[in-house]
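Participant: This is the structure alone, sequence omitted:
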């Protein structure tokens, strides 16, 4: 991520019970599976300026240890990653991630 890595100071995760339920019911992604993308390379993280009205938000493309490719929207609160939404990558996101993966092995 470089010097401006928003994840550099993060020390864990902060889950909202409603988001856990929503992400499972809509996308069948558990918190453990969502967290797993932060521990596998490459991880593509970008600022989400379109949704950063009240607090700075980010989106990430990454893969789990079982090679499930996920898109995640999140924010950082008090050094904790707070997952807002997580789902399987769309076809377009998967193509973008594949290009990124080739450039960042």
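Facilitator: Perfect, thanks for sending it. Keep in mind the model is a prediction, meaning the values are calculated, not measured.
Participant: Just checking, which helix or strand of this structure averages the lowest pLDDT?
Facilitator: strand 44-47 (a mean of 93; mean pLDDT, DSSP states H and E).
Participant: all helices of the chain, in order?
Facilitator: With DSSP state H as the criterion, the chain has helices at 17-27, 31-36, 91-103.
Participant: Neighbours of residue 90, how many?
Facilitator: Neighbours of residue 90 under the rule other C-beta atoms under 10 Å: 11. Any C-beta I mention is one placed from the backbone N, CA and C, and that applies to glycine too.
Participant: need the contact list for it.
Facilitator: By C-beta atoms under 8 Å, 6 or more residues apart in numbering, the residues touching residue 90 are residue 71.
Participant: how much space between it and residue 79?
Facilitator: From residue 90 across to residue 79, the span is 30 Å (C-beta to C-beta, to the nearest Å).
Participant: now do residue 21
Facilitator: Distance of residue 21 to residue 79, computed by C-beta to C-beta: 25 Å.
Participant: quick one: residue 26 and residue 86, what's the gap?
Facilitator: From residue 26 to residue 86 the distance is 10 Å (C-beta to C-beta).
Participant: more crowded one of the two?
Facilitator: Set side by side, residue 26 and residue 86 show more neighbours around residue 86, with 25 against 11, by other C-beta under 10 Å.
Participant: Test my guess that that one contacts residue 70.
Facilitator: Yes - applying C-beta atoms under 8 Å, one finds residue 86 in contact with residue 70, separated by 5.6 Å.
Participant: quick one: common contacting residues for these two?
Facilitator: Common neighbours of residue 86 and residue 70, using C-beta under 8 Å, 6+ apart, are 29, 34.
Participant: Just give the nearest non-adjacent residue to residue 44, would you?
Facilitator: Leaving out its chain neighbours, the residue that sits closest to residue 44 by C-beta to C-beta, 6 or more residues apart in numbering is residue 61, at 4.4 Å.
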